[in-house]
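Student: I would like to see how this sequence folds:
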Amino acid sequence: MAQFRVEFVLDQASGKYLAELYNPENQNELIVRTEALYPTQPAAVLGLVQLFKNAILKFPPADAPVRKKKKKAAAKKARKRAAPRKTARTTKRRKKK
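Tutor: Model (predicted):
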């Protein structure tokens, strides 16, 4: 299971805290930084926990059927099949004398 490194930093300009979230596979790679919204470090912790909770609530349930994406080519073929076919014009050849 991935373990994210999170640091809470005091923004000197505003006097509020922000959260920095780092890549679990590369601890030096910053993934996301919040705005300096939180008045205290504990408030920043709770804010980040709430952010994760909100994200998890948007996940589909584990027993939900998996939706498969149609490939573009298959969708294009299906549209062609559904479209009415145009009849080709036939031209009569003139007989040479």
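Student: scan this protein for its longest helix.
Tutor: helix 41-57 (DSSP state H).
Student: CA atoms only for it, dumped as PDB, please.
Tutor: C-alpha atoms of helix 41-57 as PDB (Å, rounded to 0.1, in the frame of the first residue of the first chain):
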ATOM      1  CA  GLN A  41      -1.000  22.900  11.800                       C
ATOM      2  CA  PRO A  42      -3.700  20.700  13.400                       C
ATOM      3  CA  ALA A  43      -6.300  22.400  11.200                       C
ATOM      4  CA  ALA A  44      -4.200  21.600   8.200                       C
ATOM      5  CA  VAL A  45      -4.100  18.000   9.200                       C
ATOM      6  CA  LEU A  46      -7.900  17.800   9.600                       C
ATOM      7  CA  GLY A  47      -8.300  19.700   6.300                       C
ATOM      8  CA  LEU A  48      -6.100  17.100   4.400                       C
ATOM      9  CA  VAL A  49      -8.000  14.200   6.100                       C
ATOM     10  CA  GLN A  50     -11.300  15.700   4.900                       C
ATOM     11  CA  LEU A  51      -9.900  16.200   1.400                       C
ATOM     12  CA  PHE A  52      -9.100  12.400   1.300                       C
ATOM     13  CA  LYS A  53     -12.500  11.500   2.700                       C
ATOM     14  CA  ASN A  54     -14.200  13.500   0.000                       C
ATOM     15  CA  ALA A  55     -12.100  11.900  -2.700                       C
ATOM     16  CA  ILE A  56     -12.800   8.400  -1.400                       C
ATOM     17  CA  LEU A  57     -16.600   9.000  -1.200                       C
END
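Student: what is the mean pLDDT for it?
Tutor: Helix 41-57 shows a mean pLDDT of 89.
Student: what of stretch 82-97?
Tutor: On average, stretch 82-97 scores 63.
Student: how about the helices in this protein?
Tutor: 41-57, 72-82.
Student: tell me which of those helices is the most buried.
Tutor: Counting by mean count of other C-beta atoms under 10 Å, helix 41-57 has the highest mean neighbour count of these, with a mean of 12. Just so you know, the C-beta spots here come from the backbone N, C-alpha and C atoms, and that holds for glycine as well.
Student: from the contact counts, what lies against that one?
Tutor: strand 5-10, strand 17-22 (3 or more C-beta pairs under 8 Å, 6 or more residues apart in numbering; DSSP states H and E).
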